[in-house]
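Enquirer: Sequence and predicted structure are below.
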Amino acid sequence: MVKSSQLIAVCIVASLIGLPTLSFAKARGGSGGGFSSGSRGGGYGSMGSRGSRTHQDNGAKPIEQSTTAKPSTAPPPNTANSPMGQPAPTTSPSWLQRNPLLAGIAGGLAGSWIGHMLFGATESSAKTTDTEEPASSSNSSNSFGLILLLMLVGSGALYYFKKFRQTPAPVFTGLSRSTATRGSLLDVSSNNSSSADRPTTDTTYTVTTEDKATFQQLLADIQSAWSAQDVTALRRCLTPEMLSYFSTAMAEDNSRGVQNHVEGVELLKGDVREAWSEDTTDYATVDLRWNARDYTVSTTIPRGEPGYLVEGSDETSTESGEVWTFMRMRDGRWLLSAIQQ
């Protein structure tokens, strides 16, 4: 009888260890030179602002420096159609997870009884080696106690299991953006409208002959002001952002003791790539190609001395080409707002 009691105790220990493990496993199962070809030493690349199209691909070199923030390239998640957008069904917790206090009490009682069975039964057997009748009485009492304890634990578990099964946790798998009431907090489209849902204000702008003549004049004026290091003249032709880039390049050239000249500008070709309007601002992006004497000289070495001519030729014209974007406020004057190589 002692061996039978010990076997029952071992089974109970194994069940207490294995049951939480199984419950936990079930719960887890639910889860061109710079501003122009003339500023070769600047190394500023493409820069400026083209409004909402600043970072769009227009066939020219992408703008690398701009005060216009670059939009995110990651597409918004389609939570309406994606299976990941639907909430996972709620997994009902086990009885031990819902009632940790009762589980602890039951474990304590079972542990006390197991200790009594393992050690008390052995001690009782040692004391009753002379007579078998007291040991038999003790073993019968232990068996009755085991049955009574198991009945009490089973009854309590059944009661609480039925009680909690009557109020299951709500499952929200059927609730999605498509079923949400318009204007409610669950209606994402009414609270966080994406830029794709907002009406665009871009409209096509038609470049006139007068505009083209202005672009040609700006090309000559900007190169002339650049060659003369005339910031005041540049301010009349550039946006504040572009003026800051030109001014920085001038300061760097002065620090190196050089000065770039672009003289005798002759426009060869001017093709309008795109022209549009945003609210009260007009934009025009133009392919420009021109001939000019493009050269760099030293500001510390006298003319005619060796080393005076740093780069280029002050006698021979060379062909250059860039993509310039001009902008103007409605009924205002055109200004250079971006340069792409």
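Expert: Alright, I've got the coordinates. From a predicted model like this one, the values you see are computed outputs, not experimental measurements. Numbers count the residues shown, from 1 in each chain.

Enquirer: what about this protein, any weak spots by pLDDT?
Expert: Filtered on pLDDT under 70, the chain yields the residue ranges 1-44, 73-146, 148-149, 157-201.

Enquirer: repeat that for 90
Expert: Residues of the chain that meet the criterion pLDDT under 90 lie in 1-45, 69-202, 330-331, 341.

Enquirer: Can you give the domain ranges for it?
Expert: Under automatic domain parsing, the residue ranges defining each domain of the chain are 2-30+93-165, 47-75+202-340.

Enquirer: can you tell me the distance between the two ends of the last one?
Expert: End-to-end distance for domain 47-75+202-340: 7 Å, by CA to CA, to the nearest Å.

Enquirer: likewise stretch 312-332?
Expert: One end of stretch 312-332 sits 37 Å from the other (CA to CA).

Enquirer: Now it: buried residues?
Expert: G312, S320, E322, V323, W324, T325, F326, M327, R328 (16 or more other CB atoms under 10 Å). In short, each C-beta sits where N, CA and C put it, glycine included.

Enquirer: Likewise for stretch 276-286?
Expert: For stretch 276-286, by 16+ other CB under 10 Å, it's W276, S277, E278, T281, D282, Y283, A284, T285, V286.

Enquirer: I'd like to know which elements the longest strand seen in the chain is packed against.
Expert: Longest strand of the chain, by residue count under DSSP state E: strand 258-278. If contacts are counted by 3 or more CB pairs under 8 Å, 6 or more residues apart in numbering; DSSP states H and E, strand 258-278 sits against strand 202-204, helix 209-227, strand 281-298.

Enquirer: If you count neighbours, what's buried in it?
Expert: 258-262, 265, 267, 270, 274-278.

Enquirer: Quickly compare the helices and strands packed on strand 258-278 and say which is most buried.
Expert: strand 281-298 (a mean of 20; mean count of other CB atoms under 10 Å).

Enquirer: List the strands paired with the helix or strand following that one, with their directions.
Expert: Using DSSP states H and E, the helix or strand that directly follows strand 281-298 along the chain is strand 309-312. Paired strands of strand 309-312, with direction, are strand 281-298 (antiparallel) (DSSP bridges).
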